[in-house]
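[1] build me a model:
(one chain, ligands or ions: 2)
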Amino acid sequence: MHPFSLSSLAKENLETHLDLPSGTIDHRPRVERRLSDLKGCFRNHEAYEEALQKEDALIYAVTSVEPATGDGQMHYGLGILYPGKIGNEYYLTKGHLHAHRVAAEVYVGLQGEGQMLLEEEGTRESRLLPFGKNTVVYVPGHTAHRTINTGSDPLVYLGIYPSHAGHDYLPIAQKNFRMVVVEKDHRSTMEIR
Ligand code: S6P
Ligand code: ZN
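    Residues are numbered from 1 along each chain as shown. Ligands and ions are numbered 1, 2, ... in the order given. The predicted structure follows:
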């Protein structure tokens, strides 16, 4: 029997249930990111410190499903990114490259409205794509990706990726994204950091 065959995988790995209001999947492990985890992500450091003094707010959470790891296997995660702003910058995810750089990812928007900021590692070329309910974004390999909630409801989405994609947060922690997304005249707009 192949280790990843239909008969070797338990039913709970073949079928899961999404709860969109809470952004959870059954009783799968859930990682929460609070404002204190996002140090350095926002351009306006003063506004960040001020908001943190008030409350270490929950910004987003990711629940992961990892049925099998190995060549050809897939993992997926359900993200819920809450609405809010630090100064005029919308709540966002830390953002990362995949440790296995060639690994791509498919993002499927389920609820809410926002944007995805993509930045190619080598050229640092940026793309800001509308992302939300019924939108699918393909994130190519070698591309840093960050999710941004520009709406007033939680942004809920699935990210589906090869099992050995991994996360590399270091390049973003060191250099950040070149672009920021801010609210200006009641609209979201991209600016150079
Ligand atoms: C994983 C995928 C998503 C993110 C999630 C949180 O490859 O891209 O599930 O993990 O959007 O973002 P981050 O940058 O904190 O991992
Ligand atoms: Zn990813």
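[2] ok, now which ones touch the nearest residue to Thr69 once chain neighbours are set aside?
    Of all residues not flanking Thr69 in the chain, Ser163 sits nearest, at 4.4 Å (Cβ to Cβ, 6 or more residues apart in numbering). All C-beta spots, glycine's among them, are computed from the backbone N, C-alpha and C. Residues in contact with Ser163 (Cβ atoms under 8 Å, 6 or more residues apart in numbering) are 66, 68-70, 73-75.
[3] just give me the neighbour total for Gln53.
    Counted by other Cβ atoms under 10 Å, the residues lying close to Gln53 total 8.
[4] that one in helix, strand or coil?
    helix (DSSP: H, G, I helix; E, B strand; the rest coil).
[5] if I look at it, how far off is Ala47?
    Separation of Gln53 from Ala47 (Cβ to Cβ, to the nearest Å): 11 Å.
[6] swap in Thr189?
    The spacing between Thr189 and Ala47, counted by Cβ to Cβ, is 17 Å.
[7] do Gly70 as well
    Relative to Ala47, and taking Cβ to Cβ, Gly70 is found at 44 Å.
[8] burial of Gly114, as a residue count?
    Gly114 has 29 neighbouring residues, counting by other Cβ under 10 Å.
[9] contacting residues for it?
    81, 90, 131-132, 147-151, 155.
[10] could you restrict these to the ones contacting ligand 1?
    Thr147 (Cβ under 6 Å from any ligand atom).
[11] redo the contacts of Gly114 as CSV? Include neighbour count and secondary structure.
    Converted to CSV, these look like this (neighbours: other Cβ atoms under 10 Å; DSSP: H, G, I helix; E, B strand; the rest coil):
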residue, neighbour count, secondary structure
Leu81, 25, strand
Tyr90, 22, strand
Phe131, 23, strand
Gly132, 20, strand
Thr147, 23, strand
Ile148, 23, strand
Asn149, 28, strand
Thr150, 23, coil
Gly151, 18, coil
Leu155, 29, strand
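[12] tell me the one of the contacts of Gly114 nearest ligand 1?
    Using Cβ to the nearest ligand atom, Thr147 comes nearest to ligand 1 of these, at 5.1 Å.
[13] wait, the closest one sits on Glu113?
    No: using Cβ atoms under 8 Å, Thr147 is not in contact with Glu113; the gap is 11.5 Å.
[14] tell me, what's touching the two both at once?
    131, 155.
[15] circling back to that earlier point, buried among the contacts of Ser163? Need that as a selection in PyMOL.
    To isolate the buried members of the contacts of Ser163 in PyMOL, using 16 or more other Cβ atoms under 10 Å:
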select buried, resi 75
